[in-house]
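Student: I need the structure of the sequence given here:
(one chain, ligands or ions: 1)
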Amino acid sequence: MSLRPFRRYFVLLARYLRPQWLTTLLMSLLLLVSIGLQLENPRILRDFIDMTLAQGLSQNLIWAALLFLVITLLNQAVSVASSYLCEKVAWTATNALRGDLLAHVLTLDQGFHKSHTQGELLERIDGDVNDLANFFSKFVVHMVFHILLLLGMLLVLGTIDWILSASMGLYCLLVVAALTWMRRPVVDRWVVAHQASAEFFGFIGESLVAAEDIRGNGGLNYVWHNFYQRFSRWYNTTCYAGWSGASPWIISQALFTLGKVLGLVLGAYLWSIHIASPGTVYLIFVYSNLLMQPLDQIQWQIQDLNKSESCIRRIDGLLQTRSAIQDGPGAMPAAGALTLTFEQVTFGYTKYEPVLQDISFQLPAGHVLGIVGRTGSGKTTLSRLLFRMYDPQSGQICLNDVPLTEMRLVDLRQRLSLITQDVQLFDASVRDNLTFFDRSISDQQIHTVLAEIGLLDWYQALPEGLATRLGPTGNGLSAGEAQLLAFARVFLTHPDLVILDEASSRLDPVTEQVIEKAVDRLFEQRTGIVIAHRLATLQRVDEILVIEHGRIVEAGPRATLAADPTSHFARLLQHEQGGVFV
Ligand SMILES: Nc1ncnc2c1ncn2[C@@H]1O[C@H](COP(=O)(O)OP(=O)(O)OP(=O)(O)O)[C@@H](O)[C@H]1O
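Tutor: Numbering: from 1, shown residues only. Take a look at the predicted model:
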């Protein structure tokens, strides 16, 4: 076996056990005490038998029996305490690992997230880590514990006869070598089984998110078909991996029986040549039985390691995945409204299919730009580039002449705000939904903003005010209300550049009017971009950019373009029917 897996185990253990070194140390000490107690009890029984045979019933026998009882009880108490500590260590370590994985996944680029379903990621962050609980709490300590127990017994057997001890030691080495050799192919099968499980849960997650559409469009048959297909794959691969792991178990049971026979034969032989007393023969028999316990445990741990290793491989793979979007050195554009420049930007989601081509324009600080174009022309893609969800394949984007790639992502995204038609709400309080869990924003600030965007009546009807929980995905809110909350969020974050992407599409005309004034104020002293299908929503913009098939076909001041009957924009205005540009 190469050293790489061991290095992986070591790195993982060192990282997550170091913070709880004291608990781990205590747990190890308790396990050591338990070894001592387990080794001692058969010795007391040996003395008990030999004393009975030599002296008949005596006072000493009662003391030996009492000592046996006390040690047994003590051993039970130590086992309970060490089990508790094992659980504690396992939970703390796995929770920390879950947190790290989640934080890492959140830093990965949009391309990664588009190519993995939510369910799959959930399974990788939680499912894989669950299977590591034993690895963290027991693997190393139990391995060390059982190896020590094994060595202790061989040492005690050595005090009786070295040939006896050497033969049992050789037998143990052969068993462990055989079991280790057998586990190799099992790891790969567990990797396949875990992937199948991730795909199954990925599919379930996707189906639940789209439940309304699936029901509405009669897609249930498709869902069931896929459900059974994926479930069968998961079931079959897991059974296969489980059965592959079972064959070493069956073989190990046969080897253990052989070990017991070996102990009995050797004990009988030593008794026949008068080296061992009946009590010692009993001790040999008990120890050869007891030897099976650590061997059994070692083989269980090895089996568990099969599962753990496949999880560790997948976790390692996830942690090694680097985001295609990396932080810049930390340049910061000057405070205040931002000047936005696109310089010959070309981008495609795949290498050979450009979605935006040779896009160049400048939006001066404090101006508002309206972007229009038919469905699929690349308007939303443009805003994704601005947030560095993706990087252009060529060209660059600058804010106040600072290229986005020179800024730290967190700094960049603090300066920008985006409101889209899909508002993400959390199963959290209204306050947390509005502030994105930022405790520094006061209730007074929130009240002012809610009043500004006309949500005061809605807010006053909430049973627990800002502490009212919204429920999963903002249950109970109309789409329009959800969008108004999204506006409130932006007001609270004070960005320097705001992008509205079809932002008011779900508002009824009355609500839209309410928000119009608020949007005007939002754009005061700020740079703005409005991506719109309805040209009516472009009344407030200074400049217009018309995009077709990923290229700019027209750019200029709105008033000028609107007044020029030969312009694309004027033609679009003429063709707009019922306020909607299609
Ligand atoms: N994540 C993605 N992966 C691959 N292709 C994508 C992705 N997102 C969008 N596209 C494609 O890129 C092109 C431009 O999409 P984009 O969403 O930018 O257009 P849009 O002008 O905003 O459209 P709409 O007005 O319908 O929102 C489309 O052909 C779309 O299919």
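Student: can you give me the helices in the stretch 201-350 of the chain?
Tutor: Along the stretch 201-350 of the chain, counting by DSSP state H, counting those that start in this stretch, helices occupy 211-216, 220-272, 278-320.
Student: pLDDT on the second one, on average?
Tutor: Per-residue confidence for helix 220-272 averages out to 83 on the pLDDT scale.
Student: coming back round to it: most packed of the helices of the stretch 201-350 of the chain?
Tutor: Counting by mean count of other C-beta atoms under 10 Å, helix 278-320 has the highest mean neighbour count of the helices of the stretch 201-350 of the chain, with a mean of 20. Every residue, glycine included, has its C-beta placed from N, CA and C.
Student: That one packs against which elements?
Tutor: Here helix 278-320 touches helix 3-17, helix 21-55, helix 59-107, helix 128-130, helix 133-134, helix 140-160, helix 162-209, helix 220-272, going by 3 or more C-beta pairs under 8 Å, 6 or more residues apart in numbering; DSSP states H and E.
Student: That helix to helix 3-17, inter-axis angle?
Tutor: Compare the direction of helix 278-320 with that of helix 3-17 by axes from the mean of the first three to the mean of the last three C-alpha atoms, to 10 degrees and you get 90 degrees.
Student: Next to the ligand, which bits of the stretch 101-250 of the chain? Give me the list.
Tutor: Within the stretch 101-250 of the chain, the positions near the ligand by C-beta under 6 Å from any ligand atom are K114.
Student: from the stretch 101-250 of the chain, which residue is nearest to the ligand?
Tutor: The minimum distance from the stretch 101-250 of the chain to the ligand, using C-beta to the nearest ligand atom, falls at K114 (4.9 Å).
Student: what about that residue, neighbour count?
Tutor: By the measure other C-beta atoms under 10 Å, the count of residues near K114 is 11.
Student: Quick check: phi and psi at it.
Tutor: phi -70, psi -30 (degrees, to the nearest 10).
Student: the domain parsing of this protein - what is it?
Tutor: Using automatic domain parsing, the domain parsing of the chain gives 3-320, 340-575.
Student: A strand includes G370, no?
Tutor: Yes. With DSSP: H, G, I helix; E, B strand; the rest coil as the criterion, G370 is located in a strand.
Student: Contact partners for the residue lying closest to L174 once chain neighbours are set aside?
Tutor: Distances taken as C-beta to C-beta, 6 or more residues apart in numbering place L255 nearest to L174, at 7.9 Å, with adjacent residues excluded. Going by C-beta atoms under 8 Å, 6 or more residues apart in numbering, L255 touches L174, V175, A178.
Student: Now the residues you listed in TSV, please, with extra columns for neighbour count and pLDDT.
Tutor: Output for the contacts of L255, formatted as TSV (neighbours: other C-beta atoms under 10 Å; pLDDT from 0 to 100):
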residue	neighbour count	pLDDT
L174	13	84
V175	22	80
A178	14	77
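Student: can you tell me which of those residues lies nearest to I147?
Tutor: Proximity of these to I147 (C-beta to C-beta) peaks at V175, which lies at 12.8 Å.
Student: check contacts around the closest one.
Tutor: Contacts for V175 (C-beta under 8 Å, 6+ apart) come out as S252, L255, F256, G259, L295, Q299.
Student: No further queries at this time; thank you.
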